[in-house]
Each structure stands twice: as C-alpha cells, then as structure tokens.
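[1] Curious how this folds, go ahead:
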Amino acid sequence: MFSLFSETTLLEVSLPIALLVLVVIISVGILFDVIGIAVTCEDIMAYSAMASKKISGAREAIKLVQNAGTVSNICNDVVGDICGIVSGAMGAAISMKIMFSNMSDLALGICISSLTAAFTVGGKALGKRVAMKQSHKIVFSLGKLFSLFSRKEK
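    Prediction:
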C-alpha cells in the first residue's frame, strides 16, 4: 500500500511534492525503528509501580514491554524495513525522473539517491541512539497515547 501510494504520487506531482513524500516515508521508517528499539530496552518494573498508582498509560506501557518481541518485529522488521525499501525505490525513481527530464541534472539525480540512502541509514542510526537513551519517555508516551484509545474498566 505504501509503495503504491508513493509511486502513484510520484507520477503525478511536482518534484518538491515528491521529495516531501520521500521525507515523510523516511521519517516514518525512522520513527518506527525508534519505537521498536525503545520497547526492547525497557524494563517492566517502573511501569508496574506506576500502574499500581493508577497512572494513565502505565498499563498500556506494560503491555508494550511484555510484548516487546512482537512490537519490535512489527516496528523494526515490518514497517521500518518496508519504509526503507520504498524510500530507496522512490529516491531512485525521483533521480531517474530528474535525469530523464534534463540530462544536465545528472549530478542532482545522483545527489538525491545518495541523500536518500544517507538520511535513511543515518536517521535510523541516530534514532536508535535516542531510543536507547530515552526509552522510558518513548514507551511511556506510547502508553499514554494508547490509553486514550483503550477501554477503561469500571
């Protein structure tokens, strides 16, 4: 679905819009990698104490940490990798579109392909560092977000 959206968008839009969609796809991949790493770095104990005090989001954070393997698999290996593949293909397609529209822009096309790879790899590497250092904030924020959508027991 992501690939279909990005490719159909690319065919009908201007270069700035195509680049914006590319940045969004790269950002989504990085965000989901951060979530996957943060969940695997967390310990359930801090959230257990918070849940006993009925702090909103703590129970949802516990569920995330208890299911860290599944959450990480979905975030890192499914969404993160798909975004990486789609952004690479989209970056290459944008480069080809530029090169075929004007052969003098060969260098620009190569730069876009290179920057796509650099931002994807570099962003994920930086995101993983942030995820390991800020895992508690990330997981608790996700827990709070998910608590908005969960049913409250009476």
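[2] where does the protein dip in pLDDT?
    Scanning the chain for pLDDT under 70 picks out the ranges 1-11, 102-105, 151-154.
[3] mind running it again at 50?
    Within the chain, the stretches falling below the threshold (pLDDT under 50) are 153-154.
[4] Helices of that one, residue ranges please.
    Ranges of helices within the chain are 2-12, 15-41, 45-52, 58-66, 68-72, 81-101, 106-133, 135-147, based on DSSP state H.
[5] Can you show me the CA trace of the shortest one as PDB?
    To tie it back to what came earlier, the one meant is helix 68-72. What follows is helix 68-72 as a C-alpha-only set of coordinates in PDB (Å, rounded to 0.1, in the frame of the first residue of the first chain):
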ATOM      1  CA  ALA A  68       8.500  -6.300  23.200                       C
ATOM      2  CA  GLY A  69       9.500  -9.100  20.700                       C
ATOM      3  CA  THR A  70       6.300  -8.700  18.700                       C
ATOM      4  CA  VAL A  71       6.300  -4.900  18.900                       C
ATOM      5  CA  SER A  72       9.900  -4.700  17.800                       C
END
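[6] Please work out which residues outside it touch it.
    Helix 68-72 is touched from outside by I35, G36, I37, V39, T40, E42, L64, with contacts defined as Cβ atoms under 8 Å, 6 or more residues apart in numbering. For the C-beta atoms, the positions are set from N, CA and C on the backbone; glycine is no exception.
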